[in-house]
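Participant: Next come a sequence and a model predicted from it.
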Amino acid sequence: MSVRTGPWGLVALLYAAGLGAAAQFAKLAAGFTALEQAYPEAGAGLGLAVSLISFLGVALGLVTGMIVARLGFRRMLLAGLLLGAGMSLVQALLPAMPLFMASRLIEGASHLAIVVAAPTLIAEITNDRQRPVAMALWSTFFGTGFALFAWFGTPLAGMYGPAAPILLQAAWMLAVAAGVAAMIPRRMIAPPPEPFSLGLILRRHAEVYRSPAMAAPALGWLCYTLTFVSALTLLPRLAPGAPWLATVLPLAGIVLSLTLVAQLLRHVPGVQVVKAGFGLSACVVALLAMAPGSALLWIALFAVLSLVQAGSFAAIPQLVEDPRERALSNGAVAQMGNLGNLTGTPILLAALSAGGQGAGLLFLGICYATGLALHLGLAALRARAARR
């Protein structure tokens, strides 16, 4: 039996699930120094433990969307939360490195289940007026969750060792799972009738990435994620002399997403907001090329990127009506987002090494211009299909 609550109570619960998914990265980052002391023989390979979840996301993001739509959003969200908590409990034991890495790989399935099921459920439980604000809120889950767990987890790791932030994240996941079990209805959407097979997986990939509606948020998201983590990681080389920017820049995007952008999305379609974000971002990068040391321009860049961040998630339920297709679109966003996070930093580092700050800014500008061009082209394809 589910506990009755209003849509915003459920949105808050699902957002809490997203914070737990972000903490799957933050729990190791918060205690990384202590983790290195616990695994001195791991060396640079320990860094792979943080990013291993992303590898699974690239391979299985869209497949997860298919599985979530088939087995039910509530069931998969619960499974993802419980699996994530279980893997955290294993990791808190600080087992041998092969087992630790295996648990991180399995945890990737938990992460995918959460980031596909939760936003799809948010789109289902909110009405047309509530949905843009709810999706803008969801778009901040990673930055907010990472910051919160790093804030609480880093001192915990210093006092009690690397297992402490891991156990904190496990407790969070279990608490959210209890809330989901009590508050989310058992079956909100009927599963698809087709038998699950390799052929169906290949057909769905082709169907999603050929669709100008289902693919648009994911392809734009790739252009965004190629630059977001990479720019923050390599900020000392892009904006030397302003180390405080690494803290301020993510906060600028989060605050704007939850305030001005959330209100803008009540009146302007998500795709239009994304296009504006990419266009403005390209303009700010052009200004940075003339004044690369300007902290104000870097803050402006991450502020206008919040248009892309919030608009992309708001666009999914606006472009795709069927809940199962929304799950596929969210799966594609997870897939492209993980691809961008994995490849963005090496590409930007190569650009900076080859051509300095100017080449790094050129890479950022190309990504934003490509994102705008993709959305313009896909919008034209959707308009042409609507006229037929």
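Facilitator: Cool, the structure landed.

Participant: what's near enough to touch Thr144?
Facilitator: Shown in contact with Thr144 (CB atoms under 8 Å, 6 or more residues apart in numbering): 19, 22, 254. The C-beta positions use only the backbone N, C-alpha and C, and glycine is treated the same way.

Participant: And for Pro250?
Facilitator: Under the criterion of CB under 8 Å, 6+ apart, the neighbours of Pro250 are 143, 146-147, 232, 302.

Participant: Ranking by neighbours, what's the top pick from those residues?
Facilitator: When neighbours are taken as other CB atoms under 10 Å, the top entry among the contacts of Pro250 is Phe302 (23 neighbours).

Participant: Mean pLDDT per helix and strand in this structure: which one sits at the bottom?
Facilitator: Across the helices and strands of the chain, mean pLDDT, DSSP states H and E gives its lowest value to helix 46-71, namely a mean of 81.

Participant: Quick one: list the elements packing against that one.
Facilitator: If contacts are counted by 3 or more CB pairs under 8 Å, 6 or more residues apart in numbering; DSSP states H and E, helix 46-71 sits against helix 7-30, helix 32-38, helix 97-125, helix 198-210, helix 323-387.

Participant: Of all the residues in that helix, which ones are buried?
Facilitator: 46, 49-50, 52-54, 56-58, 60-70 (16 or more other CB atoms under 10 Å).

Participant: That one: how far from the chain's middle?
Facilitator: Relative to the centre of its chain, helix 46-71 is centred 12 Å away, using CA atoms, centre = their mean, to the nearest Å.

Participant: three-state assignment of Ala181?
Facilitator: Classification of Ala181 using DSSP: H, G, I helix; E, B strand; the rest coil returns helix.

Participant: Can you get me a residue count around it?
Facilitator: The local packing of Ala181 (other CB under 10 Å) involves 16 other residues.

Participant: Looks like it contacts Leu78 (just checking).
Facilitator: Yes - contact criterion CB atoms under 8 Å: Ala181 and Leu78 qualify, at 6.2 Å.

Participant: Need the contact partners of the helix or strand encompassing Ile166.
Facilitator: Assigning secondary structure by DSSP states H and E places Ile166 in helix 163-183. Here helix 163-183 makes contact (CB under 8 Å, 6+ apart) with 2-3, 5, 9-10, 13, 16-17, 19-20, 23-24, 26-28, 30-31, 74, 77-78, 81-82, 84-85, 88-89, 91-94, 149, 152-154, 156-157.

Participant: rerun that using 6 Å as the cut-off
Facilitator: By CB atoms under 6 Å, 6 or more residues apart in numbering, the surrounding residues in contact with helix 163-183 are 2-3, 5, 13, 16-17, 20, 23, 27, 30-31, 77-78, 81-82, 84-85, 88-89, 91-92, 153, 156-157.

Participant: so which pair among the contacts of Pro250 is furthest apart in space?
Facilitator: Longest distance between any two of the contacts of Pro250 is 14.6 Å, between Phe146 and Phe302; criterion CB to CB.

Participant: how near is the residue nearest to Leu13 when sequence neighbours are not counted to Leu112?
Facilitator: Nearest residue to Leu13, sequence neighbours excluded (CB to CB, 6 or more residues apart in numbering): Gly179, at 4.9 Å. Distance, Gly179 to Leu112, by CB to CB, to the nearest Å: 20 Å.

Participant: So the two - more neighbours on which side?
Facilitator: Leu112 (30 against 20).

Participant: Correct me if wrong: that one contacts Thr64.
Facilitator: Yes - with contacts counted by CB atoms under 6 Å, Leu112 reaches Thr64, the gap being 4.1 Å.

Participant: Arg326 and Ala118 touch, don't they?
Facilitator: No - at 11.9 Å, Arg326 does not count as touching Ala118 under the criterion of CB under 6 Å.

Participant: Which one's more surrounded, these two?
Facilitator: Between Arg326 and Ala118, Ala118 has the larger neighbour count (other CB under 10 Å), namely 30 against 25.

Participant: ok, now which ones touch the more buried one?
Facilitator: Taking CB under 6 Å, 6+ apart as the test, what Ala118 contacts is 14, 17-18.

Participant: same thing but at 8 Å, please
Facilitator: For Ala118, the contact set (CB under 8 Å, 6+ apart) comprises 14-15, 17-18, 21, 77, 138.

Participant: and what of Ser211?
Facilitator: For Ser211, no contacting residues are found, by CB under 8 Å, 6+ apart.

Participant: ok, it to Ala310 distance?
Facilitator: 22 Å.

Participant: got it, and Met101?
Facilitator: Distance, Met101 to Ala310, using CB to CB: 34 Å.

Participant: same check, this time on Ala79
Facilitator: Using CB to CB, which is the criterion applied here, Ala79 is 28 Å from Ala310.

Participant: ok, back up a step: between the contacts of Pro250, which is nearest Leu105?
Facilitator: Of those, the one sitting nearest to Leu105 (CB to CB) turns out to be Phe146, at 20.3 Å.

Participant: Let me see the mean pLDDT of the helix or strand that contains that closest one.
Facilitator: Taking DSSP H and E as the criterion, Phe146 maps to helix 141-160. Averaged across helix 141-160, the pLDDT comes to 84.

Participant: Could you list the buried residues of that helix?
Facilitator: 141-147, 149-150, 152-154, 156-157.

Participant: tell me the angle it makes with helix 7-30.
Facilitator: Calculated by axes from the mean of the first three to the mean of the last three CA atoms, to 10 degrees, helix 141-160 forms an angle of 50 degrees with helix 7-30.

Participant: CA atoms only: put helix 141-160 into CSV for me.
Facilitator: Below are the C-alpha coordinates for helix 141-160, written out as CSV (Å, rounded to 0.1, in the frame of the first residue of the first chain):
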residue,chain,number,x,y,z
PHE,A,141,20.7,16.6,-9.0
PHE,A,142,24.3,15.7,-9.9
GLY,A,143,25.9,19.0,-9.0
THR,A,144,23.9,19.4,-5.8
GLY,A,145,24.4,15.8,-4.7
PHE,A,146,28.1,15.8,-5.4
ALA,A,147,28.6,19.1,-3.5
LEU,A,148,26.5,18.0,-0.5
PHE,A,149,28.1,14.6,-0.1
ALA,A,150,31.6,16.1,-0.7
TRP,A,151,30.8,18.7,2.0
PHE,A,152,29.7,16.2,4.6
GLY,A,153,31.8,13.3,3.4
THR,A,154,35.2,14.9,3.3
PRO,A,155,35.4,15.7,7.1
LEU,A,156,33.8,12.3,7.9
ALA,A,157,36.6,10.5,5.9
GLY,A,158,39.2,12.6,7.7
MET,A,159,37.8,11.6,11.1
TYR,A,160,36.7,8.0,10.5
